[in-house]
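Asker: predicted model and sequence follow; I will ask about them next.
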Amino acid sequence: MRILVTGGAGFIGSEYVRRRLESDPTARITVLDKLTYSGVEANLAPVSEHSGYTLVRGDICEPDVVDQVMTGQDAVVHFAAESHVDRSIYGAGPFVRSNVMGTQVLLDAARRHGVGRFVHVSTDEVYGSISEGSWTEGWPLAPNSPYSASKAGSDLLALAYHRTHGLDVVVTRCTNNYGPYQFPEKAIPLFITNLIDGNTVPLYGDGRNIRDWLHVSDHCQGIELVLKGGRAGEVYHIGGGTELSNHKLTGLLLDAVGAGWDRVEYVADRKGHDLRYSLDDSKIREQLGYAPQVSFTEGLAATVAWYRAHRSWWEPLKERAELR
Ligand SMILES: NC(=O)c1ccc[n+]([C@@H]2O[C@H](COP(=O)([O-])OP(=O)(O)OC[C@H]3O[C@@H](n4cnc5c(N)ncnc54)[C@H](O)[C@@H]3O)[C@@H](O)[C@H]2O)c1
């Protein structure tokens, strides 16, 4: 199968590409990535010698580039997006451009080229916030940040291309991911690397916001199941099962690095901060046999060890993005 992977140099996309190429010598993957601040070519270094790997530096919003790379593909797995909520609060323009318009350019090209399957990778954040219970796939979308609103727009477009044009679209919505190669502006790698360096960590508000954490390799397992067995026009949740308040998560990270609460700086809450996300993922478990493999305890310990061992990866990224 020849697959076009957009955003394959980012955190989750690169895990997907490494995983697929490392397990299959016959795999054929073209990565289309603009290499924005969060796209790192070195994330793909472990598979760069694989004969089935091609990297094209380009923008999903550019129809000519997309047209070229779409030629001959059997499937698209679409990760490319502006992905950081805080950045979307400072400026929504790039989010609407890449997440909504870029998705439309890809969908049009996939249609023209008769691509077999289009997996649109999305997020639980499109539902807004839920104080108790869990969202099922048919829940109305009620996004609260410009990031989640742009993702909701792209989800609806993708589903509309199935309904209107019969394109073989499936949408995945996943909870918060963690693991190696995550850009160090996101909470877990930011906190780990700050703590390793003896610095403080910024905790939003009173830390009571709840997220459901999933190891990135389990997210990619779920995407692969949906690529192969999902039903066209449907949405699949990919859940983690480890709900933690940010306060509790901070405590676990402090313990993992051997630091105390004096290293926590309470900062003004994020604007429009969603209180809780929670997905009901029984559909993918029952229909496609999805089951997360990495326990949060093991995954977090391995992630902390990875950041300890890969300073040469994250230090230049933090310097360039002026992160602390
Ligand atoms: N990180 C999470 O916890 C999470 C959870 C659920 C869903 N998702 C979704 O998964 C996808 C990947 O997220 P991530 O955390 O790996 O993000 P990331 O920021 O690490 O990676 C995004 C990648 O997309 C590329 N990109 C951005 N705009 C582009 C454009 N216009 N053209 C081509 N490439 C472009 C970047 O260069 C980068 O390589 C996103 O669609 C995100 O919404 C993320």
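Answerer: Okay, I see it.

Asker: which bits of the chain sit near the ligand?
Answerer: Neighbours of the ligand within the chain, by CB under 6 Å from any ligand atom: 6-7, 9-13, 33-36, 38-39, 59-61, 79-83, 98, 102, 121, 123, 151, 174, 176-177, 183. In this view, the C-beta of every residue, glycine as well, is placed from N, C-alpha and C.

Asker: right, and the helix or strand after the helix or strand containing residue 243?
Answerer: Residue 243 is part of strand 242-245, with elements assigned from DSSP states H and E. The helix or strand immediately downstream of strand 242-245 is helix 246-257, counting by DSSP H and E.

Asker: mind listing the helices for the stretch 101-250 of the chain?
Answerer: 102-112, 146-165, 187-196, 216-229, 246-257 (DSSP state H, counting those that start in this stretch).

Asker: then the second one to PDB, C-alphas only?
Answerer: C-alpha atoms of helix 146-165 as PDB (Å, rounded to 0.1, in the frame of the first residue of the first chain):
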ATOM      1  CA  PRO A 146      -9.500  28.500  17.900                       C
ATOM      2  CA  TYR A 147      -7.400  25.300  17.600                       C
ATOM      3  CA  SER A 148     -10.300  23.000  18.400                       C
ATOM      4  CA  ALA A 149     -12.700  25.100  16.300                       C
ATOM      5  CA  SER A 150     -10.400  24.700  13.300                       C
ATOM      6  CA  LYS A 151     -10.100  21.000  13.900                       C
ATOM      7  CA  ALA A 152     -13.900  20.700  14.100                       C
ATOM      8  CA  GLY A 153     -14.200  22.600  10.800                       C
ATOM      9  CA  SER A 154     -11.800  20.200   9.200                       C
ATOM     10  CA  ASP A 155     -13.600  17.100  10.600                       C
ATOM     11  CA  LEU A 156     -16.900  18.400   9.200                       C
ATOM     12  CA  LEU A 157     -15.400  19.000   5.800                       C
ATOM     13  CA  ALA A 158     -13.800  15.600   5.700                       C
ATOM     14  CA  LEU A 159     -17.200  13.900   6.600                       C
ATOM     15  CA  ALA A 160     -18.900  16.200   4.000                       C
ATOM     16  CA  TYR A 161     -16.600  14.900   1.300                       C
ATOM     17  CA  HIS A 162     -17.700  11.400   2.100                       C
ATOM     18  CA  ARG A 163     -21.400  12.300   2.100                       C
ATOM     19  CA  THR A 164     -21.200  14.600  -1.000                       C
ATOM     20  CA  HIS A 165     -18.600  12.900  -3.100                       C
END
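
Asker: follow-up on the earlier one: export the helices of the stretch 101-250 of the chain as JSON lines, with columns for mean pLDDT.
Answerer: Output for the helices of the stretch 101-250 of the chain, formatted as JSON lines (pLDDT from 0 to 100):
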{"stretch": "helix 102-112", "mean pLDDT": "98"}
{"stretch": "helix 146-165", "mean pLDDT": "98"}
{"stretch": "helix 187-196", "mean pLDDT": "97"}
{"stretch": "helix 216-229", "mean pLDDT": "98"}
{"stretch": "helix 246-257", "mean pLDDT": "97"}
